[in-house]
Structure formats: C-alpha cells, structure tokens
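J.: my questions are about this predicted structure, shown below with the sequence.
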Amino acid sequence: MQIITPTKSVFRMYLTLAVISLLMSAILIAGCTTQPASTVAASSPADTRASIGDIVKNPAAYEGKEVVVQGKIASECGSGCWFMLDDGTGLMYVDLAPNNFAIPQLQGSTVVVKGVIRVAKGDPTLYAATVATDTRMYP
C-alpha cells in the first residue's frame, strides 16, 4: 500500500485560499459598519439640491460645487465603483473611485448622492462623497 503525501504546491494553494478568504471576510465586515441612511439623507441647509438636467444644461455653473442629487441607478459597473444616475431630467455619470469606496449592485434603487461636480471636455461628472439608500449610507 502506497501513502500519498501532499506536495508543497498543494499546501501553497490552500494557504493562498485561506488568505484570500480572510481578506474577503475583512472587507465584508468593514462594509457592515456604515451609518444608516436616515442620518445623511436629510440634507442640511447648506446642501445644494440640483437636478441633473440643470447641471447638464449649464455645467460651468456647477464646476467645483458640492451638490445633492436624488435619482435611480440606471446602470452600474460590476465592481460598484461608478454608476449612471437618472433623476427624470437627465442621466449623469457618478464616480465613486476617487473617494475610495464602492457600492453593492443597486441598479433600479433610488439613491441620494452628495458630491462635487467636475467638468471635463464639457461633460459634467459627479464625484460622490456619499451615496444613501433608504436603509444605508456608503461609505
């Protein structure tokens, strides 16, 4: 009878899988510590509510300004680092990556986004600082 012993490569594979599992668990646990949306969804008097239609019509007026926009997520990237927001007056690209956060798949959900408008080649982009749903706020 022959005894089969695992090779070093099998141990490395299991070690790699264990490390990846631990890292994924840490990321998921960290994502569960965000504040509820109710603490942020209500905007302060200083917040500038804006419609996407107004921003798209006159992007220079909003350049560098912090705004709050509410709408539905029309489409989003698979990793949650950007999405297209539709508020009924227009569609806008919302970028989350520069502020180092991502959201889970929320296509079709209504969200309130607070961030800064930047204009490149005449096209406005909303760089989100926060994204709030009915039940949760990101980051």
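T.: Nice, I can see it.
J.: what bridges to Asp95?
T.: Beta bridges link Asp95 to Trp82, Tyr127, judged by DSSP bridges.
J.: wait, it sits on Tyr127?
T.: Yes: judged on Cβ atoms under 8 Å, Asp95 makes contact with Tyr127 at a distance of 5.3 Å. The way it works is simple: take the backbone N, C-alpha and C, and place the C-beta from them, glycine included.
J.: show me what stretch 69-84 is in contact with.
T.: If you take Cβ atoms under 8 Å, 6 or more residues apart in numbering as the criterion, stretch 69-84 is touched by 49-52, 55, 85-88, 91-97, 102-113, 126.
J.: quick check: buried residues in that stretch?
T.: 69-73, 76, 80-84 (16 or more other Cβ atoms under 10 Å).
J.: show me which of the contacts of stretch 69-84 are buried.
T.: 50-52, 55, 85, 87, 92, 94-96, 102-103, 106, 109, 111-113, 126.
J.: which residue ranges form the strands in the chain?
T.: For the chain, strands defined by DSSP state E occupy the ranges 66-76, 82-86, 91-95, 110-120, 123-132, 137-138.
J.: the shortest one: how far from the chain's middle?
T.: This points to strand 137-138. Chain-centre distance of strand 137-138: 8 Å, with Cα atoms, centre = their mean, to the nearest Å.
J.: and for the second one?
T.: Taking Cα atoms, centre = their mean, the mean C-alpha location of strand 82-86 is offset from the chain mean by 10 Å.
J.: ok, now the first one?
T.: In terms of Cα atoms, centre = their mean, the centre of strand 66-76 is found 11 Å from the chain centre.
J.: and what of the fourth one?
T.: Distance, stretch centre to chain centre, for strand 110-120: 11 Å (Cα atoms, centre = their mean).
J.: what's that strand packed up against?
T.: helix 38-41, helix 59-62, strand 66-76, strand 123-132 (3 or more Cβ pairs under 8 Å, 6 or more residues apart in numbering; DSSP states H and E).
J.: at 7 Å instead, please
T.: Here strand 110-120 touches helix 59-62, strand 66-76, strand 123-132, going by 3 or more Cβ pairs under 7 Å, 6 or more residues apart in numbering; DSSP states H and E.
J.: give the rounded mean pLDDT of it.
T.: Taken as a whole, strand 110-120 carries a mean pLDDT of 97.
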